[in-house]
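# The sequence and its predicted three-dimensional model are supplied below.
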Amino acid sequence: MNPLPVPCADADRIAVVIPCYRVRRHILGVLAAIGPEVARIYVVDDACPEQSGALVQTACHDRRVVVLHHAENRGVGGAVLSGYRAALADGMRILVKIDGDGQMDPALLPHFVAPILSGEADYTKGNRFFDLEKIRRMPTVRLFGNAVLSLLTKLSSGYWDVFDPTNGYTALHADAARHLPFDRISTRYFFESDMLFRLNTIQAVVVDVPMDASYGDEVSNLKVSTIATEFLRKHVRNLGKRLFYNYYLRNMSLASLQLPLGAVLLLFGSAYGAWHWVRAAEQGVATPAGTVMVSALPVLMGMQLILAFLAYDIASVPRRVLHKRSLAPLRHD
C-alpha cells in the first residue's frame, strides 16, 4: 500500500465512501488507486460473506482508511449512508462514492469533485452515455433499460438534464447531505434514483460527469422485471410527492393550475369520445361531427396545458447551488 498522502486543505476535505459486498478480489486495488487529494476513506463492510472489511483491516496500511461493519446486509444504499454519516461526523466537506469492485476508476475523482469545489454543483454523478461512439459497445437490452430508467427518473426527480440514473459514481457536498432525510432514502437498487428525488426536494444542483461505460456485475441491476415492478411503483410515488411539494405545498404558480386542468380536460375528452365511438359502432352509424368536436377540443386543450406544464417543469431544474446559500433543514415524508 502507498503511504499516507499529503492531506488536502481543511476547507475542501474530501472523503471516499466504498460499499463492500463480495469485492474481496478488487478492494485492495481500488484503495491503492485513490489519490492524495482524499483525506479519509470509509470502507463499509455490508455483512460481506467474503469478509472484505477484515481483509482491508489486515492488509491495508493506509492511515486514511476507516472500516465500518454492518452486522446485517443493508444494501448498497444502506452502506453508502453509513459512510456518509461517518464522514459528516468527522467534518468531511465532499463525499465521493466509489464501488469496491474495480469498475470505477478512482483517477476520475477530481472530475467529480471539481464542479462542487467551483460552486457549480451540490451533487455530481457519472454519465456513461455521453460519448456516443463508446456506448455502441453496450448491449441493446442495457441501453433500452437505461433509457427507460432515465425517462422515469427525469419525471420523478425533476432533473430533466441528467441521464444514466443508476450510475453509482457520485460526489456530494456535505451541506447538501445534512439536509437529506437519510432514514427515508431507499437503500437497495433504487438508491441512486431516490437520491435524485430527495435532492430535488431541497433544490440541490445536480451535474452529470461524462465517463466511459463499464460492464460487469452491474448487469443484474437492470432486470426488466425490476424496472417494470419495483422501480415503476417507486417512481410513480416520487413523482406524486415531487409535484405536491413543489407545486402545491412549497409554491403555487400558473403551472399548479395547468397540470390538473389539463389532466381533467384530457381525461374527459378521451372518455367522452370513446363512449360515443363505442355507441356509434354498436348502432352501425357514423359519429356526429359535433360529438367529435366536443371530444377533440378538450383533448387538444388538455394536451396543450400538460405540455405547457412540462415546459415550466423542465425550466425549473435547480440552478443555484445549495452549499452557497443559507437554508433551514427541509424534511419530507
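Yep, it's here.
# show me where the stretch 101-250 of the chain has helices.
109-117, 140-157, 174-177, 191-201, 224-226, 232-244 (DSSP state H, counting those that start in this stretch).
# residues in contact with the nearest residue to residue 210 once chain neighbours are set aside?
Counting by Cβ to Cβ, 6 or more residues apart in numbering, residue 210 lies nearest to residue 130, which is 3.6 Å off, once chain neighbours are set aside. Where C-beta positions appear, they are placed from N, C-alpha and C, glycine not excepted. Taking Cβ atoms under 8 Å, 6 or more residues apart in numbering as the contact definition, residue 130 lies against 208, 210-211.
# I'd like the next helix or strand past the longest helix along the chain.
What stands out as the longest helix in the chain, according to DSSP state H, is helix 254-283. Next helix or strand after helix 254-283 toward the C-terminus (DSSP states H and E): helix 289-315.
# Tell me the helices and strands packed up against that next one.
Helices and strands touching helix 289-315, by 3 or more Cβ pairs under 8 Å, 6 or more residues apart in numbering; DSSP states H and E, are helix 254-283.
# Tell me which residues of the helix it packs on come out buried.
255-256, 258-259, 262, 265-266, 269, 272-273, 276 (16 or more other Cβ atoms under 10 Å).
# how close does residue 176 get to residue 88?
Noted for residue 176: a distance of 11 Å to residue 88, by Cβ to Cβ, to the nearest Å.
# ok, the two, which is more surrounded?
residue 176 (24 against 16; other Cβ atoms under 10 Å).
# Just the mean pLDDT for stretch 114-129, thanks.
The average of the pLDDT scores along stretch 114-129 is 94.
# ok now that stretch, how far from the chain's centre?
Its chain's average C-alpha position is 13 Å from that of stretch 114-129, according to Cα atoms, centre = their mean, to the nearest Å.
# contacting residues for residue 100?
Residue 100 touches 18-21, 23, 26-27, 30, 43, 52, counting by Cβ under 8 Å, 6+ apart.
# change it to 6 Å
18, 20, 23, 27, 30 (Cβ atoms under 6 Å, 6 or more residues apart in numbering).
# what about the nearest residue to residue 99 once chain neighbours are set aside, how many neighbours?
Spatial nearest neighbour of residue 99, chain neighbours left out: residue 168 (5.7 Å); criterion: Cβ to Cβ, 6+ apart. Neighbour count for residue 168, taken as other Cβ under 10 Å: 20.
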